[in-house]
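>>> coords below, sequence missing:
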Ligand code: FES
Ligand SMILES: [Fe+2]
């Protein structure tokens, strides 16, 4: 069969896959200690563990013996020991030992997939694509994670929905209507939109009432009638496959994506409050500043969780409505979302066009089913 050419604009964005040749976030660094942890990234089950040097390893979560999950086992001498019959799998994904191997038997030469993985800025980043390309692409990075002038908080987003619904939610600042009293800004207006390579930057202007150097201003969150608004830039960027934003000089938020399947997305929402506006604080001893940063870590978590509950309800409604009637088109007025969908399509096309002919046929079947 000869594959007919796919035109990117014809692809239904709600069914598109990821471009695997990027670094995705599969766990928070502290979640991976001395025992295996099972995670999932775009229909692939993956097991993470730390070796005795503290290095993160990532393997296909499937014992080569009878395909049970290796994440049910344990780490023994830097190898994964399967729970079922105790076969040991080394960091390269090879069978390293079988406890009942007879003298006249050889170790099976089976091998499971090993993934490029790194620990950076508090998270575990995994490259699910062509491992030869892993070092040619950099993870997005969160320079504020270790910076003494930023206080971090994070929460998990777990939504039964395609990743496109989550990124559209994050790029569409007009949905502030949903959060009303939960956020520090109002009345956004999209001013500029840029599409370059693998990113979309949307620049909004919003009315902010919070000022980090005037602590009392937080009370305006709870007493809307006291709000004194001032304009501040609100910049949001889809840096495929992740998101980052900035409100004025005081706040930065990241959303680190882990698309699990076409109808399930996990992500980490990470918020930073800047202390740049307190120059006297910067003169204090580094150890004290570190103590303060650690002490205040996650103070905004409750607020983030409140926002996430509201967003996830909307996103899951959208997914359900799509599944009931995929032909029904929404009425979109925000041009930033047109750019977001174009980027998702382009990234999916990069993946499809780099496939072999048989993969093409398979992909076509996938899109049309
Ligand atoms: S299934 Fe893993 S050792 Fe048998
Ligand atoms: Fe939101």
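Everything's here; your move. The model shown is predicted, which means the values in this text are computed figures rather than measured ones. Ligands and ions are numbered 1, 2, ... in the order given.
>>> pLDDT at residue 92, what is it?
In the predicted model, residue 92 carries a pLDDT score of 96.
>>> if I look at it, how far off is ligand 1?
Going from residue 92 to ligand 1 by CB to the nearest ligand atom, to the nearest Å gives 17 Å. (Glycine included, C-beta is placed from N, CA and C.)
>>> what do you get for residue 314?
From residue 314 across to ligand 1, the span is 42 Å (CB to the nearest ligand atom).
>>> in a helix, that residue, correct?
Yes. Assigned with DSSP: H, G, I helix; E, B strand; the rest coil, residue 314 falls within a helix.
>>> what's near enough to touch it?
Shown in contact with residue 314 (CB atoms under 8 Å, 6 or more residues apart in numbering): 169, 175, 178.
>>> one more: residue 135?
Contacts of residue 135 by CB under 8 Å, 6+ apart are residue 116.
>>> so it lies in a helix, does it not?
Yes. Judged by three-state DSSP, residue 135 forms part of a helix.
>>> so residue 176 sits in a helix?
Yes. Under three-state DSSP, residue 176 falls within a helix.
>>> hmm, it is touching residue 184, no?
No. If you go by CB atoms under 8 Å, residue 176 and residue 184 don't touch, sitting 10.1 Å apart.
>>> count the residues that sit near the nearest residue to residue 52 once chain neighbours are set aside.
Residue nearest to residue 52 in three dimensions, not counting chain neighbours: residue 78, with 5.5 Å by CB to CB, 6 or more residues apart in numbering. Neighbourhood size, residue 78 [other CB atoms under 10 Å]: 16.
>>> so for residue 78, what's the pLDDT?
95.
>>> among the contacts of residue 314, which one has the most neighbours?
That'd be residue 169 among these, by other CB under 10 Å, with 21 neighbours.
>>> what's the host helix or strand of that one in contact with?
Using DSSP states H and E, residue 169 sits in helix 163-171. Outside helix 163-171, the residues that touch it by CB under 8 Å, 6+ apart are 13-14, 16, 18, 157, 159, 175, 200, 202, 236, 238, 241, 243, 245, 255, 257, 259, 265, 267, 311, 314-315, 318-319, 336-337, 340-341, 344.
>>> narrow those to those in helices?
311, 314, 315, 318, 319, 336, 337, 340, 341, 344 (DSSP state H).
>>> which among the residues you listed end up buried?
311, 315, 318, 319, 336, 337, 340, 341, 344 (16 or more other CB atoms under 10 Å).
>>> mind telling me the two of those farthest from one another?
Set against one another by CB to CB, these have their most distant pair in 319 and 336, with a gap of 20.2 Å.
>>> the strands in the stretch 201-350 of the chain, which residues?
230-239, 242-247, 251-261, 264-274 (DSSP state E, counting those that start in this stretch).
>>> hmm, back to that, out of the buried ones among the ones in helices among the contacts of helix 163-171, who's nearest ligand 1?
For those, the residue nearest ligand 1 by CB to the nearest ligand atom is residue 319; the value is 35.1 Å.
>>> list the contacts of the closest one.
Counted by CB under 8 Å, 6+ apart, residue 319 has contacts 14, 159, 160, 161, 162, 165, 263.
>>> repeat that for residue 183.
By CB under 8 Å, 6+ apart, the contact set of residue 183 is 176, 307.
>>> how near is it to residue 292?
Distance check for residue 183 against residue 292: by CB to CB, to the nearest Å, it reads 25 Å.
>>> what does residue 277 give?
As defined by CB to CB, residue 277 lies at a distance of 15 Å from residue 292.
>>> now do the contacts for the closest residue in space to residue 113 that isn't next to it in sequence.
Leaving aside its chain neighbours, residue 113 sits nearest to residue 60 (4.1 Å; criterion: CB to CB, 6+ apart). Contacts for residue 60 (CB under 8 Å, 6+ apart) come out as 44, 45, 46, 47, 93, 112, 113, 114, 115.
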